[in-house]
Structure formats: C-alpha cells, structure tokens
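> Just a sequence and a predicted model for now, questions to come.
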Amino acid sequence: MRLLRSSLYLLSSLLLLGTLLIGCNSTMQVYKDSLKKYDNGEYDLAIKGLQKVAAAGYEPTQSNFLIAESYRLSNRYQEAIPYYKQALDEGIDQPQARFHYAYALKTTGAYQQAQEEFQAFAGMQNAPKALQERALREIEILKIVDRLKTMAPEVEITNLPTNTAGAEFSAFVNGNHLVYASSKKEKIYKNNGQAMLGLYKVALPEDPESIQGPPTLFSKNVFEAEANEGSPAFSPDGKTLVFARGNTGKKKGTADVDLYMSKNVDGEWTLPIYLPINDSLAWDGSPAFSGDGKTLYFASNRPGGSGGIDLYRTNMDASGRFSKPVNMGKDINTAGDDMFPYVSEDGKLYFASDGHPGLGKLDLFVATRSQGIITVQNLGLPYNSPQDDFALTFYPDSNSGFLSSNRDGGKGDDDLYYFYIPQAPDSSIAKVDDPNDPMSPKNPNFINGKPKIVRYFLAGDVVLNTPEATPLDSALVQILPDTSETPIAQLPTDAYGKFGTQPVEEGQNYVLLVSRKGYISKREPFSMDGRSIPPIFLNKELTDTTFTVTVRLDKLELNKTFVLDNIYYDLNKYNIRPDAALELDKLVQILKDNPTMKIELSSHTDARATDSYNMTLSQNRAESAVNYLISRGIDADRMVAQGYGERELLIPNAKTEEEHQKNRRTEFTILSY
C-alpha cells in the first residue's frame, strides 16, 4: 500500500512538473512571438501577447517595458504610463524608459511630476546624450508652461457630431463638403488595433457645428483597402488633391508613407499618382498648398533635417513639375517633430510641433515674418492641450475653422473640432496687443523694439575614460566644421583638463578632434541642432550661453580591446550590411586619426551552431570587415582578421535573444603603435 501511495505521488509530481514545463514553454513561445510582432511594428498584437506574458510572471520587467514602448510607438502615451512605472520600479536597465515616462506624464498635464522625472533622467550617467539634451530642454519648457497656459485667446471650440470612437482628423473644406481622414476601413491596422484610415466626406451645413452624418467615401478611385490614407490637401480651385498613403506592409517602418496626387476631371477624381518629391526611405506626409497653389508644403523625416520630422516646401510649375524640396529652416524646424502645415489666406503658416515650447505633445503654432524676422508663437489655450493638437485649417473667408486633437473629453482617438473666433467690437487693435509689432510686449522676439540676440559658445573638458574621469592637461582640441578638415580653432586643455571658449553658430554641426600623446585620438561630434534658445525664454536684448562637452580619451595600450557597437550581420551571412558600414566607418576614422596603430579585428558568434561552423563564419565575418576597411583606404598591413567563433562568450549560458546578441560581437585589439 505504501509503495502504491509512493508511486501515485511520484506520478502526480511528474504530471505537475510536465504541466508546468508545458506552461513555461508556451509562455516562452508567446514572448518570442510578441517580440517578433514588436519588431515588425505590430504593436497592438505585441501588447496583447506581452500582457499575457507579464501576467504569467515571465520576463515581467522587459515585458512591461515593451508594452509601454508599444503604446508609445503607436501614439498612446497615457496608456504607457503604468507600464513604464512598473518597469522602472522593477529596475529596468533601459535609461530611455525614464525619459519616455516623463514625456508621457507631460501629455497628461502632470507637469511637476514630469519635470522631476526629466531631472532624474538628465542626471543619469548612462543616459543617451541626445535624449539628455532633450530632457534639459523639456525642463526649461516646463518652467514656463504656466506662461503658455495664460495665452488664451477668445475662441469657442466644439467637438463635431461626426466623430466616432475611432479616429477622425485632418479636416479640409472642399466645395460644400468637409473631407477628412477616418478609421472606417474593414482591414485592421496592427500598429494600433484600429480600422485603417481612408478619406471620407460629409455635407457642410450653414452652421458647421451641426454637421450630420453619416459620412460617405470621398472617391472610389482614391481608396486602397489595405493602406492608410489621410491628410487631404486641396489646391485653391479645389481640383487637385494631395494626400498621404502608406502602411501597406511593402516597406518596413515609417518609410512606408508617401504623398500622392489626384485630379478632378469632369467631376471624377483620377487614380492617384506617386509624387516625385517623395524620399523612398523616409516618411512623407501632411501636405498643404499655398494660397496661390504654386507651392506645396509637406512634412518629412528625410536625411538632412533638424532632427525628427521637418517641414519642407516645393514649387510646382504650370505643367505640374515640382522643384527640389527645400527645408524650411531652423526658425520653423526643431529637433522634435514639426508637421501638419497650413497657410492661411493672410499668409501665416500654421503648423504642429512637439519641439517648440508647448503644453504637451503636439501643439499648434503660428509663424509670421516681420522685418525679416520669423516669429513662432504657441496658440495657447484652448487651441492646445497636454495631448496632440494638430491639423488646423480655416473655413474659407471666415474667422472659424477646424483642428484635430486627442484631448480629454473627446469621443474617440483623434477627434475633429470646430473653432470660432468672435469678432472684436472694435477692429482697431492697439499696437501693444499686436504680437507681430516689435514694440509689443507680447512679441517674444523683441524687447523695447529691439531684436533679442543670443551668442553661443562651446567649451568643455578632456578626461581619462575611466570611472574616476581624471582630467587630462596638455590635450589639443581642434574644432572642425563637419564639412571640412580645416580647424576653425585649436584649444589646449589647462591643468584641470578644461578648454574653451569658442563661438559657434545656430544650426551648424561641428567635430572636436582631440589628441594627446599616449592616448587614442578621438572625434566627438557636436551639433547645434535643437540647441537654439526660443525667444520666449529670453529676458534681455543680449544673452550669452555656453555649451560644455566632455571628451573621454582611452590610453594607447597594447592588447587593449574595444567592442564595436551595432556591427550586425544577417543570419548565417558575413556580408557587410549598410548599418554595419556606418559603424565601421567610425573605425576607419579612428585608424586615420591614429596612423601608427595596428589592430586585430575579431569576430565572435553565439553558441547556437557547431564550433567548426561558428569558427568559419566568424573568420569570414572578420575578413569581410577588414576588406571593407581596406576599401576605405586603410593599409592592409595595419590589420589582422581573426575569428573566434563561440570560444570567448561574454555570456556562457545565454538564453534570451539580447544575451545571444551580446555574444555576437565585433572587436578590435591594439597590437602595436
């Protein structure tokens, strides 16, 4: 009997263990599938899978972080907040988590808490430099948020009856219809779980606030069932339509959004054509025509901009040909996103931005030119809110119009709003109240009629690349324009390792070439993009501000090894990918700046294939990298290619893909100098 009970106990234990193993394997598979969906931009599906994984207690910290990121990347910042907080409370080692948590808090109007989180992020040692600079800028913006909130004009804003639980945005008046984007298609967009967007229209009554549905499809020719279509813009005569179409899955990521044009011929809209101004590797969207119809404005994140998405313009001749797009410059564009342009009948440029000082994420701004100076002004309340406010357009020949927002109190995701500005009883506006007049205290660009001027300078220090950061004297800092090898300044460091100051210009990019005997010469980029101080922050005519840079030098030591970040190869291949080439170009520059240095360039694999296979693969990868360096002008006798396969694993028992990736690394070791 005792033997029987023991056997039954053993059997039940084995069954329980088997059930647990099956459950663990099942959860692990859900986690892997969710990671694939995340990498593919299918954020809504990734969220659902990762929520199950986190609930099961598998990789909870990383799962919560990726859920938060999925909400953020599908523009659902408020939903991301509890997951960022959970990941941070659990000790997530991704420094950007705190930055995005702070930004999400800002979108809810929790300004004080957001400022504290930005401050904590800015003080982190391992914070990415670009995000650190943005955090410092956000801290300054949050200090004046009350000033922005008080800039409330007399305006009435109404949520339109045509809104639904889905998304409605980018309204434009065309004839006696309001045309806008709405999520009404049958296909579901895996990014955010909503129906895909199309262009729809609804008849405009005399009182736009009383618009009644249901809306109808704008045109069967301007409709692709498996794509998002939005941001309609019509020429002044109403016969030319330019809109954005994308997210078809044909190209990965945001590059799969482009501009298209359709013409109204005999009352029918033609099949859209792809515009030649598109950049096939960029996001191109939110178009708008000028008042005369000869200029097309649009937004793009193509290379050469100020940071995120920038505003561009292109001219269109009588035959429909476009000129080369031109960036609208640093007065308008910022290191953030600047998009949804609209030119009013009086020539003012309205647009949305999260780079200029604002109340939340996207705020509405107006840009005007006076005496050759461009003034960018936040429209304030109630146009703006802590959430996204964008796509402002005016009703023809009136002081009313439409804007889009996902602010609290709406009916769904993005909603359409109608705004009306009551006419002032006395049309003669005193200069003191005119924000465009140089003598007005409401003009942020002038003080007592004189333009505010900022002089920018660069200074810094050079230290040893160790935790102690010992200052290095007698180092030479050459400041170069990023387009030339001719220095504009040569500054030695003093006994405390400090150098400076050197005047720098707005919108320019520089390189600091730092050298010292016995150390590896290093180039440190410095960009003025996004560093300009908005006039609203300035309280005097002349302001001097100095940016400081810390350059960390490594000692020139035999057998010292450095890991090359982001040198990735396709599975089981050894050809140099374009992203790897960008990283190898940095090594090319190091070798050119240190002409006596000889190195071993080594490649390592993970342990998921046979030892002999990994040795051959790693050797091929190392030789491929060396051959690339040779093609970039580095002498072959300065380099040795060596593959180590899986023999020098950083993480011997790697389980996750992130751990395997750390083992698959490329390094260089100093052999002589």
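It's in.
> Now the closest residue to Asn247 other than its chain neighbours: phi and psi?
If you skip the residues right next to it in sequence, Asn247 has Asn228 as its closest partner in space, 4.4 Å away by C-beta to C-beta, 6 or more residues apart in numbering. (Each C-beta comes from the backbone N, C-alpha and C, glycine too.) Note on Asn228: its backbone torsions stand at phi -90, psi 130 [degrees, to the nearest 10].
> For the residue positioned nearest the centre of the chain, give me its contacts.
Within the chain, the residue whose C-alpha comes closest to the C-alpha centroid is Gly308; the distance, by C-alpha atoms, centre = their mean, is 5.0 Å. Residues near Gly308 by C-beta atoms under 8 Å, 6 or more residues apart in numbering: 301, 334-338, 355.
> Which one (most neighbours) among the residues you listed?
Counting neighbours by other C-beta atoms under 10 Å, Asp338 leads the contacts of Gly308 with 28 neighbours.
> any idea how far Ser300 is from the residue nearest to Asn247?
17 Å (C-beta to C-beta, to the nearest Å).
> Ok, Arg621 next?
Distance from Arg621 to Ser300, by C-beta to C-beta: 35 Å.
> All the helices of this protein, in order from the start?
In the chain, the segments counted as helices under DSSP state H are 2-39, 43-55, 60-73, 77-89, 96-106, 111-122, 129-143, 145-149, 578-593, 611-631, 657-663.
> could the ones you listed go into a markdown table alongside distance to Ile567?
Formatted as a markdown table, the entries for the helices of the chain read as follows, by distance: least, C-beta to C-beta, whole Å:
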| stretch | distance to Ile567 |
| --- | --- |
| helix 2-39 | 19 |
| helix 43-55 | 27 |
| helix 60-73 | 24 |
| helix 77-89 | 28 |
| helix 96-106 | 22 |
| helix 111-122 | 28 |
| helix 129-143 | 21 |
| helix 145-149 | 43 |
| helix 578-593 | 5 |
| helix 611-631 | 7 |
| helix 657-663 | 11 |
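> right, so of the ones you listed, which gets closest to Pro525?
When the helices of the chain are compared for distance to Pro525 using C-beta to C-beta, the nearest one is helix 129-143, at 9.6 Å.
> Can I get the closest one in PDB? Just the C-alpha atoms.
Extracted C-alpha coordinates of helix 129-143, given in PDB (Å, rounded to 0.1, in the frame of the first residue of the first chain):
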ATOM      1  CA  LYS A 129      23.300  62.200 -25.000                       C
ATOM      2  CA  ALA A 130      20.700  63.200 -27.500                       C
ATOM      3  CA  LEU A 131      17.800  62.400 -25.100                       C
ATOM      4  CA  GLN A 132      19.700  64.000 -22.200                       C
ATOM      5  CA  GLU A 133      19.800  67.300 -24.200                       C
ATOM      6  CA  ARG A 134      16.100  67.000 -24.900                       C
ATOM      7  CA  ALA A 135      15.300  66.300 -21.300                       C
ATOM      8  CA  LEU A 136      17.200  69.500 -20.300                       C
ATOM      9  CA  ARG A 137      15.200  71.400 -22.900                       C
ATOM     10  CA  GLU A 138      11.900  69.900 -21.600                       C
ATOM     11  CA  ILE A 139      12.800  71.000 -18.000                       C
ATOM     12  CA  GLU A 140      13.100  74.600 -19.200                       C
ATOM     13  CA  ILE A 141       9.900  74.400 -21.200                       C
ATOM     14  CA  LEU A 142       8.000  73.100 -18.200                       C
ATOM     15  CA  LYS A 143       9.200  76.100 -16.200                       C
END
